[in-house]
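Visitor: My questions are about this predicted structure, shown below with the sequence.
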Amino acid sequence: MERRSFLQGAALGAGLAVTSQAGAAVTNPPPPSSGPLPGTRPSDPADLPFVTDPGERRGEMLYRPFGRTGEKISVIGMGGFHLGKSAVTDAEATRLIHEGVDRGITFMDNCWDYNEGRSEERMGIALEQNGYRNKVFLMSKMDGRTKQEAMKQIDQSLRRLRTDRIDLVQHHEILRYDDPDRVFAEGGAMEAFVEAKKAGKLRYIGFTGHKDPRIHLQMLEVAAERGFHFDSVQMPINVMDAHFRSFGHLVLPYLVQNGIAALAMKTFGDGVILKSDAPIKPIEYLHFSLNLQTTVVITGIQNQRDLDQAFEAVKTFTPMDKATVAELLNRSRPYALEGKYELFKTSATFDGTAKNAAWLGEDVPGVKKLAPTME
């Protein structure tokens, strides 16, 4: 469902409610089931923006445009969270990064809060060696919602990553409807991002989130009202998402139309989606995400099997038609309708900033001045 249709439906519902309240003769209001509610479940799960061109093939990798910036990046991104896990040694993290880059991966994903900074530190050590930093498109994410906190996190990430610039910095975990207002407020995090860009500390600006596509649309709407154009948006794209609170249906078309790079994540939901035992092969999960108009599919790589699987998915990928996608989604449908295996949408399991509110920073001075005393 398009955002305009959703908003029109919501407005219609609100109008009906007002009429009922105003009509004194209405003594028995109709039951809730008597009228349609605006929804987000697509009538046709396979009605998605597909690629027709898989990308530019060089060696083992495919490359696609990064929005309208003129950059091209690998269709597989190496997820920084998994590289920082305690199950991975420092040496193995370096080896995986080097082999991945040597075989064609250029997009490096990371975040200020991943594994208490260990993910950025490990990536920084690996990229500092033998000129690897200049071979990649480096991304990290910041939790801070205030200018002061966001700038502090950017500077700390630069030190950990051992670089003087991060190619893409994104506002992390836009999960709440007030997040866009906090980011764009006077003294908010966007001021830090813009200043950092002017200072050469970062090149492009985006945002991420995994909770609800309507919150992504809110962030995009607030940005548009202020004349700001995001370079990228990161969001869950997988065979379950197509059936439930779908980023692919509600957000991806807007990104495509407006030249914003779509960064796909949660292909496997950190392994949770695979626990559904849906009759779908891991390669098919990756093929589905690659088949949409995504710029890069970021996937967790913490061992050789994961690395080889990502390259095998690229090697065997050819654009799928709607009938093929519909058959794949039909296999995922029984497991997807309630979001049971997309825990990032339906639980707090993946909500790092909800569990660590201090990462967001204190309220900006304007809010503090207006806020009542809570006693």
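Guide: Received, thanks.

Visitor: Without its sequence neighbours, what residue ends up closest to Gln148?
Guide: Counting by C-beta to C-beta, 6 or more residues apart in numbering, Gly361 is the residue found nearest to Gln148 once chain neighbours are left out, at 6.4 Å. C-beta coordinates here come from the backbone N, C-alpha and C atoms, glycine included.

Visitor: residues near the spatially closest residue to Pro365 that is not a sequence neighbour, how many?
Guide: Closest residue to Pro365 apart from its sequence neighbours, by C-beta to C-beta, 6+ apart: Gly187 at 6.0 Å. Residues contacting Gly187 under the criterion other C-beta atoms under 10 Å number 18.

Visitor: Give the full set of residues in contact with Gly187.
Guide: Contact analysis of Gly187 by C-beta atoms under 8 Å, 6 or more residues apart in numbering lists 146-148, 364-366.

Visitor: show me where the stretch 201-350 of the chain has strands.
Guide: In the stretch 201-350 of the chain, the segments counted as strands under DSSP state E, counting those that start in this stretch are 202-208, 232-236, 261-265, 296-300.

Visitor: which residues touch the residue nearest to Gln148?
Guide: By C-beta under 8 Å, 6+ apart, the neighbours of Gly361 are 144-146, 148-150.

Visitor: per-residue pLDDT, it?
Guide: Note for Gly361: predicted pLDDT of 92.

Visitor: can you pull the contacts of Ala242?
Guide: Contacts of Ala242 were listed using C-beta under 8 Å, 6+ apart, and they are 42, 45-46, 48, 248-249, 329, 332, 336.

Visitor: re the thing from before, which among the contacts of Gly361 count as buried?
Guide: 144-146, 149-150 (16 or more other C-beta atoms under 10 Å).

Visitor: out of those, who's nearest Arg214?
Guide: Arg145 (19.3 Å; C-beta to C-beta).

Visitor: Could you check how far the closest one is from Pro42?
Guide: Distance, Arg145 to Pro42, using C-beta to C-beta, to the nearest Å: 32 Å.

Visitor: got it, and Pro279?
Guide: 22 Å.

Visitor: quick one: which of these two has more around it?
Guide: When Pro279 is set against Pro42 and neighbours are counted by other C-beta under 10 Å, the residue ahead is Pro42, at 17 against 10.

Visitor: Give me the nearest residue to the more buried one, chain neighbours excluded.
Guide: His249 (4.7 Å).

Visitor: Count residues in the vicinity of the one you found, would you?
Guide: 23.

Visitor: how close does it get to Tyr335?
Guide: For His249 relative to Tyr335 (C-beta to C-beta), the value is 18 Å.

Visitor: do the same with Ala348
Guide: Applying C-beta to C-beta, the value for Ala348 to Tyr335 is 21 Å.

Visitor: Looking at those two, which one has more neighbours?
Guide: Tyr335 (20 against 12).

Visitor: Isn't Arg58 up against Gly104?
Guide: Yes. The pair Arg58 / Gly104 is scored as a contact, 6.6 Å apart, by C-beta atoms under 8 Å.

Visitor: In contact with Ala348, which residues?
Guide: Counting by C-beta under 8 Å, 6+ apart, Ala348 touches 354-355.

Visitor: Correct me if wrong: Ile76 contacts Phe107.
Guide: Yes. Ile76 is in contact with Phe107 according to C-beta under 8 Å; the separation is 7.3 Å.

Visitor: what do those two both touch?
Guide: Joint contacts of Ile76 and Phe107 (C-beta under 8 Å, 6+ apart) are 296, 298.

Visitor: hang on, the earlier thing: which of the contacts of Gly361 sits closest to Thr373?
Guide: Nearest to Thr373, judged by C-beta to C-beta, of those is Thr146 at 20.7 Å.

Visitor: What score does the closest one have for pLDDT?
Guide: 97.
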